[in-house]
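> give me a model of this one.
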Amino acid sequence: MAITPHLIESYDEAVAFLDARIGHGVKPGLERMHGVLDVMTNPQEAFAAIHVAGTNGKTTTVRILDTILTTAAMRTGSYVSPHLHAIEQRYTLAAAPFDEADFTQAVADVVPFIEHYESTTGASLTYFETTVVVALQAFAAAGVDVAIVEVGLGGRLDATNVVDAAVSVITGIAMDHMEYLGDSIHSIAAEKAAILKEGGVLVTGPLPPAAEGPITAQVAATGATWLRSGADFRLIDVRPAVGGWLCSVDGIHATYEDLFLPLHGRHQVDHLATAVATAEMFLNGPLDEESLVAALGEFTSPGRLEVMQRHPLVLVDGAHNEQGLQGLAATLLDEFPETNRTLVVGFRGQRDVGGLLEHLKGLFSSVIVTAAADPMAIPTAEVAMAATKVLGDGAAVEVVTPVGNAVAAAIEAVDPAGMVVVTGSLYVVSDARDRLLGD
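Modelled structure (predicted):
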């Protein structure tokens, strides 16, 4: 019996359609994606794609690529995950985020196909799979030249791995999501390298030696071309500047001098170099240097080492794994004055909280543990116990919820010359930004 599909006529109805799938959990595999996309006559085949994997830096790399290619007169679409505040922030066209109307129409366009597929097969798409289907159909409908698509988890079995990318990217590899990807750099690298398709092009940022073997094997198996950071392209003359970093990039086709990236964190310029090399490979030639400089001048990356206010200084950073927290610690030591700092922190998922907090040892005079309204949030008591053990020598630890109240308490307690750092889960960072931006 035929079903009557939902009619999506409002933003709230579109959000509700996706939210109803939150309970479907994480189900790695591509069978459902291929099934529903076949019903839709495979919209992912209507445009070229750049596919971006990596432990950290994926979203920043996607955004830089989007900025560069839009400036190069390409009609772009991009998809990132997760979002900070609203689901439509996962999607852009021509480097501009979807508004509520764009998102509502994009969801309305796919609902009949998804419900037909689910009713005829008995399979249920997950929340993440549904967001990806929305992206692919929206990009096809908009007639984009290229879609820049961020991997959600790993690569091989990720829902985004239905795209046949003109260029695949691995920003870097470190330990994270071991319950899904394996407990070694070797196994994690193999999962991420599996986004590379037959005869493709792979661009990689800085990699640990243990990642070389599985990536080499995937490149050989696919007959792909591999461009490596440090060998085929590189950063030169990297130096800190007010509000960011200055560097030159010796790219694949040209050298680009005195680029200013207005982001904190030395590791961000690695992502810039990777994005420049990727854009060169996609365009098969050098970039216009004047346009590149102009594009980067206004670049932002919300929630990533982002200064939200000055007196006191408030920094938010969605550092949620070892590599991310190492980067945060290095940034605090290298780019910000030594002062009394208060840490606001909360984590989610399966994490070694103590091991993560070890990277912040000695940097904070007080700690406020908090948690977002997130079913996967690690209990505040568990985080507080780890914080007391790891950071408690000289640092007072307390628990304040919700996140907005924790941020307010930290700002109230610190003197105007001090600093508040909010980190951990991106859900925590999102709630903190809501409070700081006035919702």
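> quick one, helices of the stretch 1-150 of the chain?
11-19, 31-39, 58-71, 100-121, 127-142 (DSSP state H, counting those that start in this stretch).
> what packs against the last one?
In terms of contact count using 3 or more CB pairs under 8 Å, 6 or more residues apart in numbering; DSSP states H and E, helix 127-142 is assigned the packing partners helix 11-19, helix 31-39, strand 76-79, strand 91-93, helix 100-121, strand 146-150. Quick note: C-beta positions are derived from backbone N, CA and C, even for glycine.
> state the mean pLDDT of that helix.
Mean pLDDT, helix 127-142: 98.
> flag every buried residue along it.
Neighbour-count burial for helix 127-142, counted by 16 or more other CB atoms under 10 Å, picks out 127-140, 142.
> among the helices and strands packed on helix 127-142, which comes closest to residue 226?
Residue 226 lies closest, by CB to CB, to one member of the helices and strands packed on helix 127-142: strand 146-150, at 19.6 Å.
> the inter-axis angle of that closest one versus helix 58-71?
Using axes from the mean of the first three to the mean of the last three CA atoms, to 10 degrees, the direction of strand 146-150 lies 170 degrees away from that of helix 58-71.
> most neighbours per residue, which of the helices and strands packed on helix 127-142?
Of all these, strand 146-150 carries the top mean neighbour count, a mean of 28, counting by mean count of other CB atoms under 10 Å.
> distance from it to the middle of the chain?
13 Å (CA atoms, centre = their mean, to the nearest Å).
> try stretch 210-219
23 Å.
> ok, residues contacting that stretch?
Outside of stretch 210-219, the residues within contact range by CB atoms under 8 Å, 6 or more residues apart in numbering are 170, 173, 184-190, 193-194, 196, 202, 204, 207, 224, 226.
> drop anything exposed from those.
Buried subset of those (neighbour count, 16+ other CB under 10 Å): 170, 173, 185, 188-190, 193-194, 196, 202, 204, 207, 224, 226.
> let's have the helices and strands packed on helix 127-142 in a markdown table, adding mean pLDDT and distance to residue 278.
As requested, those are exported to a markdown table (pLDDT from 0 to 100; distance: least, CB to CB, whole Å):
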| stretch | mean pLDDT | distance to residue 278 |
| --- | --- | --- |
| helix 11-19 | 96 | 29 |
| helix 31-39 | 98 | 24 |
| strand 76-79 | 98 | 13 |
| strand 91-93 | 97 | 17 |
| helix 100-121 | 97 | 26 |
| strand 146-150 | 98 | 9 |
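> parallel or antiparallel, list what pairs with whatever helix or strand residue 397 lives in.
According to DSSP states H and E, residue 397 maps onto strand 396-399. Strand pairing for strand 396-399, determined by DSSP bridges: strand 366-369 (parallel).
> any residues touching the partner strand, and which ones?
Taking CB under 8 Å, 6+ apart as the rule, strand 366-369 contacts 340, 342-346, 380, 383-384, 387, 391-392, 395-400, 406, 409-410, 413.
> who are the contact partners of residue 107?
8, 14, 17, 18, 134.
> not counting sequence-adjacent ones, nearest residue to it?
residue 14 (3.9 Å; CB to CB, 6 or more residues apart in numbering).
> average pLDDT for the helix or strand containing residue 187?
Using DSSP H and E, residue 187 falls within helix 185-193. What helix 185-193 shows for mean pLDDT is 94.
> after that helix, next one along is what?
Downstream of helix 185-193, the first helix or strand assigned by DSSP H and E is strand 201-204.
> C-alpha coordinates for that following strand, PDB please?
Written as PDB, here are the backbone C-alpha positions of strand 201-204 (Å, rounded to 0.1, in the frame of the first residue of the first chain):
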ATOM      1  CA  VAL A 201      43.800  12.300  -6.200                       C
ATOM      2  CA  LEU A 202      44.700  12.400  -2.500                       C
ATOM      3  CA  VAL A 203      46.100  15.400  -0.600                       C
ATOM      4  CA  THR A 204      47.300  14.900   2.900                       C
END
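> tally up the residues packed near residue 155, please.
Applying other CB atoms under 10 Å, we find 26 residues neighbouring residue 155.
> need the three-state assignment for it.
The three-state label given to residue 155 by DSSP: H, G, I helix; E, B strand; the rest coil is coil.
> could you do residue 385 as well?
Secondary structure, three-state DSSP: residue 385 is helix.
> low-scoring stretches of the protein, by residue?
Scanning the chain for pLDDT under 70 picks out the ranges 1-5, 176-178, 180, 439.
> find the centremost residue of it, please.
residue 59 (3.3 Å; CA atoms, centre = their mean).
> ok, that residue to residue 212 distance?
For residue 59, the distance to residue 212 (CB to CB, to the nearest Å) stands at 25 Å.
> got it, and residue 192?
13 Å.
> neighbour-wise, which of the two wins?
residue 192 (29 against 15).
> the more buried one reaches residue 157, doesn't it?
No: in this structure, residue 192 is not within contact of residue 157 by CB atoms under 8 Å, at 11.2 Å.
> residues touching stretch 306-313, excluding its own?
Contacts of stretch 306-313 (CB under 8 Å, 6+ apart): 264, 300, 314-317, 336, 411, 414-420, 432-433, 436-437.
> check which residues of that stretch are buried.
For stretch 306-313, the neighbour count (16+ other CB under 10 Å) marks 306, 308, 312, 313 as buried.
> tell me which two in those residues are the farthest apart.
Maximum distance among those (CB to CB): 15.1 Å, for 306 and 312.
> relative to residue 140, how far out is residue 47?
For residue 47, the distance to residue 140 - CB to CB - is 6 Å.
> can you check residue 221 too?
For residue 221, the distance to residue 140 equals 29 Å [CB to CB].
> same question, residue 159
Distance, residue 159 to residue 140, using CB to CB: 16 Å.
> would you map out the domains in this protein?
11-297, 306-436 (automatic domain parsing).
> so how far does the shortest one reach from one end to the other?
Separation of the first and last residues of domain 306-436 by CA to CA, to the nearest Å is 12 Å.
> off-centre distance for that domain?
Distance, centroid of domain 306-436 to centroid of chain: 19 Å (CA atoms, centre = their mean).
> likewise the longest one?
Relative to its chain's centre, domain 11-297 lies at 9 Å (CA atoms, centre = their mean).
> just the CA atoms of the helix or strand harbouring residue 216, as CSV, please.
Taking DSSP H and E as the criterion, residue 216 maps to helix 212-222. Below are the C-alpha coordinates for helix 212-222, written out as CSV (Å, rounded to 0.1, in the frame of the first residue of the first chain):
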residue,chain,number,x,y,z
GLU,A,212,52.0,6.0,6.0
GLY,A,213,51.6,2.3,5.5
PRO,A,214,47.9,2.0,5.1
ILE,A,215,47.6,5.2,3.0
THR,A,216,50.4,3.9,0.7
ALA,A,217,48.5,0.6,0.3
GLN,A,218,45.2,2.4,-0.6
VAL,A,219,47.0,4.7,-3.0
ALA,A,220,48.6,1.7,-4.7
ALA,A,221,45.3,-0.3,-4.8
THR,A,222,43.4,2.6,-6.4
